[in-house]
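got a sequence here, can you build the structure:
(one chain, ligands or ions: 1)
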Amino acid sequence: MTELVVTTYDWVPVPPRGYVRDLRIRWALEEAGLPYRVQPVPFRERGEEHLAHQPFAQVPWLLDGELSIFETGAILLHVAERGGAFPPDDPARRAAVTEWVFAALNSVEMASLPWTLFKFSGDETGTPGRKALDRFLALRLDRMEAVLAGREWLAGDFSVADIAMSDVLRLIDRFDGLAEHPAVRAYVARATARPAFVKAHADQMAHFAAADAARA
Ligand SMILES: N[C@@H](CCC(=O)N[C@@H](CS)C(=O)NCC(=O)O)C(=O)O
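Here you go, the predicted structure:
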């Protein structure tokens, strides 16, 4: 069995702590019961070595022996595979998990990320573009409300699709953007009550707190 290594920054400012995307990977590895270690890379200087693993100079990436994988969706699917979540005799399960991972990142996060950037900046100016963005996100949340009103998890049993989707939705909830979508909010609460999330979150917070202490 090759060693699994999750890469994240050696330090980040306080606002993104608890939301840096290595959390999704830690969470998936905890759920799968796969041992791993965390490798910090410099937040301030991102050189050629960093770009060789993540071409957008971001984190996370996962090392699985000689294999290096970036993009949280790709990593989550790899971890699911590695953890035995895709039985060969159940292609429907693999398809359902895969489509919902893509939906989380390409249908919901596509709308939520620009919305949260406005929220982080404190810009509440009601420009036509901003109103269109609010509507775009509301449409996605309306559809997720309908989906989640009728099921506990997205693809049958809890899966990496729920990690991707609930982590995307969690950031909207941070800015109280789920107030009109109670089933979505309940889903986020359900997902983040899982012991694997609680541990992954606490470990990320401790990682950055240790970085503060080392800098002091
Ligand atoms: N689509 C990428 C996004 C990665 C991403 O946004 N990483 C953030 C941390 S959560 C980052 O490195 N931000 C710093 C930057 O973009 O300079 C993924 O899901 O892996």
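
over to Gly150: give its phi and psi.
Torsion angles at Gly150 (phi, psi; degrees, to the nearest 10) stand at phi -110, psi 0.

what does the one 5 residues further on give?
Dihedral angles of Ala155 (phi, psi; degrees, to the nearest 10) stand at phi -130, psi 50.

quick check: it vs the ligand, distance?
From Ala155 across to the ligand, the span is 19 Å (C-beta to the nearest ligand atom, to the nearest Å). Where C-beta positions appear, they are placed from N, C-alpha and C, glycine not excepted.

now Phe120
12 Å.

just say helix, strand or coil for the closest residue to that residue other than its chain neighbours.
In this structure, Phe120 finds its nearest non-sequential neighbour in Pro15, 6.8 Å apart by C-beta to C-beta, 6 or more residues apart in numbering. Pro15 carries the three-state label coil when classified by DSSP: H, G, I helix; E, B strand; the rest coil.

for the chain, which residue gets nearest to the ligand?
Gln58 (3.1 Å; C-beta to the nearest ligand atom).

that residue falls within a helix, correct?
No: under three-state DSSP, Gln58 sits outside any helix and is assigned coil.

that one: how many residues sit nearby?
Per other C-beta atoms under 10 Å, the neighbour tally for Gln58 reads 16.

next one: it from Arg46, what distance?
9 Å (C-beta to C-beta, to the nearest Å).

ok, the residue of the chain closest to the ligand - contacts?
Phe70 (C-beta atoms under 8 Å, 6 or more residues apart in numbering).

separation between it and Pro16?
From Gln58 to Pro16 the distance is 12 Å (C-beta to C-beta).

I'd assumed Pro40 was in a helix, is it?
No: counting by three-state DSSP, Pro40 falls outside a helix, being strand.

which residues sit in contact with it?
Counted by C-beta under 8 Å, 6+ apart, Pro40 has contacts Thr7, Thr8, Tyr9, Asp10, Trp11, His207, Ala211.

how far off centre is the helix or strand harbouring the first one?
For Thr7, the host element (DSSP states H and E) is strand 4-9. Here the centre of strand 4-9 is set off from its chain's centre by 14 Å, with C-alpha atoms, centre = their mean, to the nearest Å.

I'm done for today, thanks for sticking with me.
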